[in-house]
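A.B. asks: generate a structure from the sequence data that follows.
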Amino acid sequence: MTDEIVLTGIRAVGYHGVCEQERRDGQEFVADVTLELSTRAAAASDDIVDTVHYGELAETVAAILAGPPVALLETLAERIATAALAHAIVERVVVTVHKPQAPIPVAFGDVAVTVRRSRQA
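C.D. replies: Purely as a prediction, here's the structure:
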């Protein structure tokens with residue numbers, strides 16, 4: 001059985017998008033990250049070195065959101081998933097990147113892209 005660490009609503013201003021105004025003006029991006037991993041060792045040792053430090057992961061995710069501009073949410077999500085999988089204990093990750101202020105010409109609540117990645121066997 002796999003355990004989960006879930007971080008939701010990580011926010012940062014980024015300059016991502018295909019439109020010139022998005023790259024010029026920036027906007028808020030939001031990420032949700034679910035890590036699938038075993039937390040047994042951490043539970044037994046009560047030591048953070050035996051799990052993923054979610055505070056540090058949140059900082060990494062925020063830095064990616066605020067980092068070098070990309071055109072697509074898919075690219076942002078992939079970068080976050082790659083960073084999460086850099087932790088050897090993580091078996092799988094689900095990342096959703098939200099762009100609530102996307103320049104869409106109709107009323108909408110949110111637009112998001114979700115990627116699911118796992119460690120290569």
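A.B. asks: using PDB, write out every CA atom in whichever strand or helix holds Ala12.
C.D. replies: Element membership for Ala12, per DSSP states H and E: strand 3-14. Output of strand 3-14 as PDB, limited to C-alpha atoms (Å, rounded to 0.1, in the frame of the first residue of the first chain):
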ATOM      1  CA  ASP A   3       0.900   6.500   1.400                       C
ATOM      2  CA  GLU A   4       0.500  10.100   0.200                       C
ATOM      3  CA  ILE A   5       1.800  13.600   1.000                       C
ATOM      4  CA  VAL A   6      -0.500  16.200  -0.400                       C
ATOM      5  CA  LEU A   7       0.300  19.900  -0.900                       C
ATOM      6  CA  THR A   8      -2.500  22.100  -2.300                       C
ATOM      7  CA  GLY A   9      -2.700  25.700  -3.300                       C
ATOM      8  CA  ILE A  10       1.000  26.500  -3.600                       C
ATOM      9  CA  ARG A  11       1.000  30.000  -5.200                       C
ATOM     10  CA  ALA A  12       3.500  32.200  -7.000                       C
ATOM     11  CA  VAL A  13       3.500  34.900  -9.600                       C
ATOM     12  CA  GLY A  14       4.900  33.700 -12.900                       C
END
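A.B. asks: what helices or strands is that strand leaning on?
C.D. replies: Applying 3 or more C-beta pairs under 8 Å, 6 or more residues apart in numbering; DSSP states H and E, one finds that strand 3-14 contacts strand 27-37, helix 54-66. Every C-beta, even on glycine, is put in place using the N, C-alpha and C of the backbone.
A.B. asks: need the next SSE after the longest one, C-terminal direction.
C.D. replies: Following the chain from helix 54-66 toward its C-terminal end, the next helix or strand by DSSP H and E is helix 73-85.
A.B. asks: and the contacts of the helix or strand bottoming out on mean pLDDT in the chain?
C.D. replies: Every helix and strand of the chain was ranked by mean pLDDT, DSSP states H and E. The lowest is helix 20-25, at a mean of 93. Helix 20-25 is contacted by residues 15-17, 69, 103 when judged by C-beta atoms under 8 Å, 6 or more residues apart in numbering.
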